Each structure stands twice: as C-alpha cells, then as structure tokens.
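Peer 1: any chance you can model this:
(chains A and B)
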Amino acid sequence: MSRGTWFGTLLVALACGWSAPVAPAQDMRLGDLLIDDEKWELVGEGYTFTEGPAADLEGNLYFTDTFRGKIHRVKADGTVEVFVDKSGGCNGLMFGPDGRLYGCQNGKKRIVAFDSAGKETVIAEDVQSNDIVVMANGAIYFTDPPNHQVWYISPSGEKRVVDKGLGYPNGLILTPDESTLVVVDMRSADVYAYRVEPNGDLKFRQAFWTLRTLPGKLDCGADGMTVDADGRIYVATQLGLQVLDTSGRLGGVIDKPQQAWLANVAFAGPKLDTIYAACTNRVFKRKLNAHGVRYFDPAKPKSAAGQ
Amino acid sequence: MNPTAYSRLLRAAFVAATVMVAGPAWAADDYALGPDSERHEGVPAGAVTKYSWNNSRVFKGTERDYWVYVPEQYDGSTPACVMVFQDGGNYVDAEKAFRVPIVFDNLIHKGEMPVTVGIFINPGVIPAAESGKAARSNRSFEYDSLTPDYADFLLKEILPEVGKQVKLTDNPAERAIGGISSGGICAWTVAWEKPEAFRKVLSHVGSFTNIRGGHVYPALIRKTDKKPIRVFLQDGSGDLDNVHGNWPLANQQMASSLKFMGYDHQFVYGDGGHNGKHGGAILPDSLRWLWKDVLEARGAQAAK
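Peer 2: Numbers count the residues shown, from 1 in each chain, chains lettered A, B, ... in the order given. Reported below is the predicted structural model:
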C-alpha cells in the first residue's frame, strides 16, 4: 500500500463515524494525472481570442473564436471546421441533454442553443453572461460577471438570479453528480462551492478552495474551468491550469500551453481523456490520466470515488 | 586498500544505502498502550454523551456528531478545565488508539491532571440536497485552513452549547485542544489565532505541511511576537512524505522554531508512521506534561 493510499485510508477511517456518504479524502498527486511524454499539442491557430471549449457526445470539441464570432468544431481526425459562422458573440459553451450546444451569447445579451445544423434558438434574453453549465435535466447555470451574480434557468425555461456578491464570477462547473456548483471569482484567489438544491437554488456558499496567484498579485486571473470523473476541478488561471481536489486542496499546477491568456478548458476526444485548452490565438490539447464529465452522458464514466 | 578492508567498505556502503532508501521501513512503530490507557477497578468513570451539531453559522450547511465527557469528579460548582479534540469520534473511542475518556479517568483520579471536560468533535460534512449524491467533507477546510474560523466555531458555537450543561473555565491556560494529522495543525491554529482563548496544544503527527498552506508556520513562529502557548508535538520518522510535504521534516521544523522562540514546548520524535500508535502510547505522559502547570498554579494558590 502506498503512503498516499494509506493516508487516504486513515482519513476515511477517521471519518467512519459519519452517517452521510462521504467522498473519501483523496491525495491527488499531479503525477497521477500527467502521462510521461504527453505534452500540449497544437490543435489550431490564427484565431483572435478562443473560448468556450465543449465536447459533444462523440467527443468532438467545439470552441469559439470570440472576436470573429465563429464557432469551430475539431473532429476526431484533428481537422477544424466552422460549425457556426455568425455566433452573435458567443463565449462559454456546453452541450445539453438534447444534443444542442448552449452558449453565452453576450454580444446580444442572450443565452442561445444551436442544433446540430448550427441553427440558433433563443433560450433567455436581456442577460449578461460569460460561462455556462447545462445539467442532465436541461437546467442551466451561467455567470454574469459585471453584475456579480449567477443565474439559473429551470428546465421549463424560467430564469432567475440564484447568487449575488462575488467580485467577478467567471468560470463555473458542477461536480460529477451535480450536487455542488463551483464558481471562481476572477478578482480574488477564491473558488466557491455551493450546494445545489432540487429547485436550482444555491445554498451554503463557501470559499472552499484557494488558488495560487502570480507573484505580487492578489487575484488569480481565473477564467473557465472543467471537472473530471474523480471530481477534480481544473481552473484556467494566469499561473497555469490549477487542479483542485474534492477535499478543498490544491493538487498542483499544469503549465499553460503558451505564455498567453489561458481562457478555458474542457475534456473531449472519443474517450474524453484529452483536455483542450483555449489559449488566446491558439487551441491546444493534452492527454491526461483522467476522464471528463458530460452530465447527460448515459455512459458517464464512474470514478474510483464512486461519484 | 586490502580486499578485507574493501569488502568492509562495500558492506558499510550497502548498509548506508539501505538505511537511506528504506529508512522509515526500519522503523519499528511497535508502541503499546500502558496501564493508564486501561480501566481499573475503583477508578470512577466519567460520563460520555453523544450529540450532533447541525446548524453551524461559521461552517454553514455542515452536520457533525460530537461527544462530551464529564468526569465523575466534576462537582458542578467549580468550572472545569476544557480539552477539545478534532476527529472526536476517533479520540473518544475506548477501543482505538487514544481512549481519551479512560486516560482522563485514570489521570484525574490520581490527581495528575485537573478535572477536565473533554469535547470530541467530528469534522463537518455538507450532505447533498438529494439522497444518493455525495456529501462534501469539510474536514480539510476546517482543519487545514490558516484562519480563525475553527476557533470561532468553538468559541461561538460549541463551548457555549456545552457550557449550558457544564460549567467550563474561561481561563485560556486551562483550555487545551488536540488532534491528529490535520486535526493536529488545527489545534495549533486555534491557539495561534486565539491565544486569549486556548493556550494548550497537543499535536499527533500534525500536518504542518502544504495541504492548505500550513507549511509556513515554522517561519511565522520565528518572526512573530511569542504567544503564550504550551504545546506538545509528537511525530515519527516513518510519517508521510507526499504531495503536500514531508511530515517528519515539518514537525522537526516546528520544534526547532518553537525552541528558537523559547516556547513552552515538548517534542517527542519516534519511529512511527502516520497513525495514532505512538501518540496513543504516550498520551498519559503528554497530558501530565500539558496540565502540569495548571496543577502547580492551583497548588501554589492553595498554599497561600
């Protein structure tokens, strides 16, 4: 038994008096995640400002070229094609259970969905938005940084503000079982956890994780984030891709693919084991010893932690 | 060099290499509990009662169990000393490594520690809103954070609640706090943040490592006005060396900084691993040392 496992076992043993099911404390070494000889690989370049990486059910990766207003698709063979020519200024993207690609169309102050032909449908209007997460039941959370709030759109389409007060809420993601919403405040080093209520309300906001910042900075410059099947949270920050564990700990920092603004990341590929990074003018990918999460995916990979 | 000397040198090099590579594996970690951790006839047993605390304001949404030990010698008139334990379910258990209620019974009976109420608190969990989904453990957040939050939780929530049924001292020198691993650094953080409330610390294989930034304590101690904390640290050469840091080195750094600043401290460094065996075996001695000053102060008071 490795010491790491031993430590985990001790923590679980200490926790055995608890009645509620608890994810075991995990000693998540960065080394467990990285694969020897797997480095960042270039996927595409020549874009203005890339954002919104998202995977469909086949594992194709979509991203926005924000200032040109296009949404691109990276196919399994690595070719990049235009999926939507006029995105209306889309930023964060994520696929929903209906197979549509949901987007933060901040250029038109809307949340929209694109079908497989790229045809757009308006989901919500008169909202500012940055990043989006779509639940298995079709409900949506998205951040509204300038107004310091987080929105919820119910499966039946009603929108309402469910959190206020963060400095600049930017990236957001759900834990694999959708029990916890995670939101990063770009203007601090704090990553917040909220309990997700059945009606979409958020409860018990807690600055559960602390990010590292660049020397001399108090803010982390965090942008988008994603999650893997073991519950690790990956936050795109200016220091690098920071990996947080389920116990509230920083597990490590993966280098940025290039010295430029790292905007967002998402797992994609046929096995959902490759993380794609939107980093200013380029998109990169890197294979990791981890699997992404699509909340709606019937074949959602199960983690060792049983989440 | 003659062949014999050469072979001797080779052998010595081999042994040295083995020690270096396998160091902790050589550790015996064969600590055993002594008589003060066993029940004895004629020693009155204190009462242990289990409670739960599910409406914390400091750690919103958390639920947890806690246990209160009230010694038989508590007479209801004099405020009792207080000792809080993190991972309370582990410390209060009469079958596990520490068996604190039994040790308290024995030491209080022999007059080797004052009449002390033990408060054994489990870390919080935030249950998911829907059944079948994972609860979030708040343990690392509560124990490993370098903030006054856990001290506030004790002072604003748990101590007032326990104080409704037992008279507890508010003398900081008569309030102790202890724990294992992250619970150990938590004990230190409580006293470090609120020495006006807690001045006695007991740390077993304490995580003075970078789980949530706790590796900075040895440096902070050296450059901070000395605080009136009496602290007992236990660790062993076979303790953890992982992504967060090296426990044996971290505890030695702590002890070195405490010595540098002239803290009232004891550091017992054995050959154990990341468990409670050594800490449990020496718990009676640790408690005798931790509470000695209170007994002396009371003796001096009585002699006046």
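Peer 1: and the pLDDT at the residue in the stretch 201-304 of chain B that chain A sits nearest to?
Peer 2: Across the stretch 201-304 of chain B, no residue is closer to chain A than residue B:243, which sits at 4.6 Å (Cβ to the nearest Cβ). For glycine as for every other residue, the C-beta is placed from the backbone atoms N, C-alpha and C. Looking at residue B:243, its pLDDT reads 91.
Peer 1: leaving out sequence neighbours, find the closest residue to it.
Peer 2: residue A:29 (4.6 Å; Cβ to Cβ, 6 or more residues apart in numbering or on different chains).
Peer 1: ok, now which ones touch the residue nearest the centre of chain A?
Peer 2: Geometric centre of chain A, nearest residue: residue A:226, 2.5 Å, by Cα atoms, centre = their mean. Applying Cβ atoms under 8 Å, 6 or more residues apart in numbering or on different chains, we find residue A:226 in contact with A:173, A:233-234, A:264-267, A:275, A:292-293.
Peer 1: name every strand pairing with the helix or strand containing it and say which way it goes.
Peer 2: Per DSSP states H and E: residue A:226 is located in strand A:225-227. The strands beside strand A:225-227 in its sheet (DSSP bridges) come out as strand A:233-236 (antiparallel).
Peer 1: after the least confident helix or strand in chain B by mean pLDDT comes which helix or strand?
Peer 2: Here the helix or strand of chain B ranked lowest by mean pLDDT, DSSP states H and E is helix B:3-22, holding a mean of 46. Using DSSP H and E, the helix or strand that follows helix B:3-22 in sequence is strand B:47-53.
Peer 1: that next one close to chain A?
Peer 2: No. With Cβ under 8 Å from any Cβ of the partner chain as the criterion, chain A is not reached by strand B:47-53; the gap is at least 9.2 Å.
Peer 1: cool, and stretch B:166-183?
Peer 2: Yes. Stretch B:166-183 reaches chain A (Cβ under 8 Å from any Cβ) through B:180-181.
Peer 1: what comes up buried for that stretch?
Peer 2: B:166, B:168-169, B:172-183 (16 or more other Cβ atoms under 10 Å in any protein chain shown).
Peer 1: starting at the chain centroid, how far to it?
Peer 2: 10 Å (Cα atoms, centre = their mean, to the nearest Å).
Peer 1: let's see it as PDB, backbone CA atoms only.
Peer 2: Taking C-alpha atoms only, stretch B:166-183 is exported to PDB below (Å, rounded to 0.1, in the frame of the first residue of the first chain):
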ATOM      1  CA  VAL B 166     -21.400  22.000  32.500                       C
ATOM      2  CA  LYS B 167     -19.600  25.000  34.000                       C
ATOM      3  CA  LEU B 168     -16.500  25.400  31.800                       C
ATOM      4  CA  THR B 169     -13.500  27.600  32.600                       C
ATOM      5  CA  ASP B 170     -12.800  30.700  30.500                       C
ATOM      6  CA  ASN B 171      -9.200  30.800  31.600                       C
ATOM      7  CA  PRO B 172      -7.200  30.200  28.400                       C
ATOM      8  CA  ALA B 173      -4.400  28.400  30.300                       C
ATOM      9  CA  GLU B 174      -7.000  25.800  31.400                       C
ATOM     10  CA  ARG B 175      -8.300  25.300  27.800                       C
ATOM     11  CA  ALA B 176      -6.500  22.700  25.700                       C
ATOM     12  CA  ILE B 177      -7.000  21.400  22.200                       C
ATOM     13  CA  GLY B 178      -5.600  18.400  20.400                       C
ATOM     14  CA  GLY B 179      -5.800  16.400  17.200                       C
ATOM     15  CA  ILE B 180      -4.100  14.000  14.800                       C
ATOM     16  CA  SER B 181      -2.800  14.800  11.300                       C
ATOM     17  CA  SER B 182      -4.800  17.800  10.000                       C
ATOM     18  CA  GLY B 183      -6.500  17.800  13.400                       C
END
